Every structure is written in C-alpha cells, then in structure tokens.
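1. Sequence first, then the predicted structure:
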Amino acid sequence: MELESLEKCLEENIPENLLSDVQRILYGRNVPILEIHPDAKILSSHHNFDIQGYRFNAASEQLRAPRIVRVGIIQNKIILPTTARLEAQRDKLHELISHIAEAAFHNGVNILCMQEAWPMPFAFCTREKQPWCEFAERAEDGPTTKFIQQLCRRFNMVIVSPILERDERHSDVLWNTAVVIDNTGRILGKHRKNHIPRVGDFNESTYYSEGNTGHPVFETAFGRIAVNICYGRHHPLNWLMFGLNGAEIVFNPSATVGALSEPLWGIEARNAAIANGYFTCAINRVGTEVFPNEFTSGDGKQAHKEFGHFYGSSYIAAPDGSRTPGLSRTKNGLLVAELDLNLCRQVKDMWGFQMTQRLDLYSYSLSRAAELDFEPQIVR
Ligand SMILES: NC(=O)NCCC(=O)O
C-alpha cells in the first residue's frame with residue numbers, strides 16, 4: 001500500500017493546536033486555497049483526477065500593478081498497458097490530457113505543463129530500442145505537437161509539452177525535449193534536456209543525446225518561462241542559468257521513483273526558487289509502469305519488469321520559499337496556482353541574493369576548474 005500523501009499524513013496525525021506551526025515551518029507562509037470551478041470539479045470526478053488550487057499573493061506596490069498569472073501542472077499515470085499498440089497508448093494519453101486541460105481552462109489557467117515524455121510510458125529503463133524509439137516524434141509537426149496546438153488555441157493557453165523528439169532533419173537524432181507552444185498555437189521554441197541520468201534504471205543515455213539548446217527563456221503573453229527537464233534539477237548551475245536569462249517561472253517536468261529520489265524531491269525545485277528568485281513547478285509521474293521483458297539495474301539484484309513507483313507529489317514553490325502541498329502520491333492530478341509575478345522582484349529586493357552573487361568570481365574559478373590541468377585550491 002502506497003502512502004497517499006505526506007500532507008494528509010501530517011493533517012491526520014499532528015495535534016490540531018500544533019498543525020499550523022508545523023505546516024509553516026515545513027512549507028513557509030500560508031498559501032491560501034483557490035476556489036475550484038464547478039465545471040472543473042465535474043471533469044475531475046468523471047475522469048478521475050484530483051484538483052487542487054492555491055494562490056501566491058505579493059505585496060501591493062505603488063508603481064506597478066500586480067502581474068497575475070495562473071499556472072497548471074499535470075501528473076498522470078499511463079492508461080493502457082505497455083504491450084498495447086503504440087498509437088493507442090498515445091491516443092489515450094492525448095484524450096486524458098484534453099480533459100485535464102479543459103479543467104485547467106475552467107480554472108483560468110494561462111500556462112500549462114505536463115510531465116516528462118508525457119505521451120509514452122517511461123520505457124528508458126528497458127534499454128530496448130524497439131518499440132520504444134517509435135514513440136519519438138517531430139517537435140515541429142508531430143502528432144502530439146499538432147494535438148497540443150489545438151488545445152492552445154481552444155483554451156487560449158501557453159502549453160509546455162515534454163516529448164521524446166526525433167529530429168528527422170538532422171540525421172534522425174533523438175532528444176528529450178520540451179516544446180513550448182503559445183496561446184495562439186504558434187511554436188515559440190523548444191528546450192532539450194541538458195543533463196541525462198545514469199542512475200538506477202534511468203538508462204536514458206541509451207536513447208537520446210545531451211541537449212544543445214542552452215538555457216532558453218520564452219517570453220509569453222503571461223510571463224517569461226523556462227523548462228529544466230527532470231535530472232537537470234540536481235544541477236544548481238542549470239537552474240541558475242535560467243534565472244540569469246530572466247525566467248520568472250521554471251517548469252521541471254520529471255519522471256522519478258520513490259526509492260531513488262523522494263527525499264530530494266521537496267528540496268531541489270524549492271531551493272531553486274529561493275536561490276534564483278523565480279517560481280518553480282515540479283511535476284512527477286504517478287503509478288507503476290510494467291514492461292513486457294525483464295531488465296536489470298546492474299546492481300546484482302533480481303531482474304524485474306517494473307520501474308518502481310512514480311510518486312507524483314507535484315508542487316509549486318515561490319521565491320520566498322513558500323510552497324503548495326504536493327498532489328497525491330498515487331493519483332492523477334491537476335495543480336493550479338495563481339502567482340503574482342511581482343513577488344520575484346520583491347524577494348530579490350528583500351534578500352539581495354542576486355545583488356550579492358559573485359558571478360565574476362565564480363566564472364573565473366569555474367573556467368579554471370574546467371581546464372585539464374586544474375589544481376584544486378587546497379591549503380595544507
Ligand atoms: N527522468 C530522469 O531524468 N530521472 C532521473 C531520476 C531523478 O533525477 O530523480
């Protein structure tokens with residue numbers, strides 16, 4: 001039996017008179033609940049996904065109007081077994097996402113993001129090329145991009161769509177890519193995952209290359225956004241670069257399992273929000289995915305067909321360190337948050353992390369550290 005959610009566990013077990021202090025210490029200042037639209041509630045009960053909504057307020061300013069934007073993040077299980085026809089597996093996921101996107105629309109979401117490689121099972125554990133490479137599609141006009149473009153137009157939403165990309169124009173190379181499509185259905189651009197895991201069953205370097213798109217920030221009608229795909233969340237400099245390029249919201253579409261990363265999950269994206277003065281949206285898969293053939297983890301343990309439990313727990317964190325509770329560890333869900341982007345500058349002014357950072361010092365030391373004959377600065 002999987003634990004449903006850490007927050008529910010706290011609510012049920014911490015004495016009532018202590019709960020709000022415990023929550024404040026663990027989660028930062030109280031983030032008020034956002035009312036969920038009744039039409040969205042109907043969709044959530046028909047299609048069996050949770051919805052939660054929160055509001056990150058900022059102080060009112062004399063010279064700037066509030067800059068309010070609503071973001072939505074989706075976590076979901078695969079629907080058909082991994083042995084079903086590939087097209088059917090993908091179509092079912094498209095269908096589910098269209099229902100959840102509609103619920104996001106009813107809640108006024110302006111920018112929506114799905115989990116890593118969302119139109120497919122996370123088959124990179126298997127190390128088999130067939131049939132999984134067939135899920136790769138063109139970022140410009142593949143079936144998933146075309147499908148998402150329709151949703152963007154229908155709902156007037158910016159959508160970040162993380163897929164396995166096949167670059168047919170350039171030798172058929174595969175990439176782990178987030179396609180950013182604006183609210184008119186135009187492709188704004190794409191970002192390819194910079195850091196590829198080589199840990200546990202995450203045998204992803206077998207499938208796609210290290211990204212070559214740098215750290216782009218996409219200027220949308222609703223704010224400046226960036227995407228740090230999954231394993232990139234372990235790399236503070238990857239987060240830093242999106243901040244230096246002006247991101248106000250960074251999405252972290254992920255796929256990760258409990259045994260490996262759960263103690264890190266609540267820390268990394270939240271710390272990035274604090275350190276870089278932007279909002280972060282951490283999104284993880286849910287459920288257990290079973291594959292037709294056994295694979296090993298190269299650790300001397302028994303071969304297996306399951307990846308392990310993807311623990312969901314998607315959450316949103318603000319530059320002042322406050323965060324929403326996580327979505328469920330076991331169920332599909334949509335998390336909606338209203339952000340006042342003015343908070344980014346307010347926190348920068350208060351804490352001064354950007355003003356006190358020493359880019360000159362670090363860039364000098366980093367370029368030394370990258371040299372072949374680098375001598376670590378150790379004083380004995
Ligand atoms: N998809 C992916 O990069 N997973 C790696 C595992 C982790 O970073 O927790």
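-> Nice, I can see it. Numbers count the residues shown, from 1 in each chain.
2. Report the buried residues of the helix ranked longest in the chain.
-> Using DSSP state H, we find that the single longest helix of the chain is helix 86-106. By 16 or more other Cβ atoms under 10 Å, the buried positions in helix 86-106 come out as 86, 89-91, 93-94, 96-106. Glycine gets a C-beta too; all of them are placed from N, C-alpha and C.
3. Return only those of the residues you listed found close to the ligand.
-> Near the ligand, judged by Cβ under 6 Å from any ligand atom, there are no entries from the buried residues of helix 86-106.
4. so where do the strands sit in the stretch 201-350 of the chain?
-> In the stretch 201-350 of the chain, the segments counted as strands under DSSP state E, counting those that start in this stretch are 218-220, 223-227, 249-253, 279-283, 286-295, 304-311, 315-317, 333-340.
5. between these, which gets nearest to the ligand?
-> Evaluated with Cβ to the nearest ligand atom, these place strand 249-253 nearest to the ligand, the distance being 9.0 Å.
6. quick one: that closest one to strand 333-340, angle?
-> 170 degrees (axes from the mean of the first three to the mean of the last three Cα atoms, to 10 degrees).
7. State the three-state secondary structure for His191.
-> In terms of secondary structure, His191 is strand; the call rests on DSSP: H, G, I helix; E, B strand; the rest coil.
8. how deep is it tucked in, by neighbour count?
-> 27 (other Cβ atoms under 10 Å).
9. correct me, but it touches Asn176?
-> No - applying Cβ atoms under 8 Å as the test, His191 and Asn176 come out as separate, 9.7 Å apart.
10. shared neighbours, the two?
-> Gly211, Ile229 (Cβ atoms under 8 Å, 6 or more residues apart in numbering).
11. what does the chain put close to the ligand?
-> So far as Cβ under 6 Å from any ligand atom goes, the chain lies against the ligand at Glu116, Pro197, Phe202, Cys230, Tyr231, Ser254, Ala255, Thr256, Leu260, Ser261.
12. Now do the second one against Asn203, distance only.
-> Yep, that's Pro197 we're talking about. 8 Å (Cβ to Cβ, to the nearest Å).
13. Identify the residues contacting the closest residue to Ile111 other than its chain neighbours.
-> What sits nearest to Ile111 in space, not counting adjacent residues and going by Cβ to Cβ, 6 or more residues apart in numbering, is Val158, at 4.5 Å. Taking Cβ under 8 Å, 6+ apart, we find Val158 in contact with 110-112, 152, 180-183, 188, 220-222, 225.
14. what would those residues look like in TSV with neighbour count and pLDDT?
-> Shown next, in TSV, are these (neighbours: other Cβ atoms under 10 Å; pLDDT from 0 to 100):
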residue	neighbour count	pLDDT
Asn110	22	98
Ile111	27	99
Leu112	28	99
Cys152	21	98
Val180	25	98
Ile181	27	98
Asp182	22	98
Asn183	18	98
Leu188	17	98
Thr220	21	98
Ala221	12	98
Phe222	22	98
Ile225	27	98
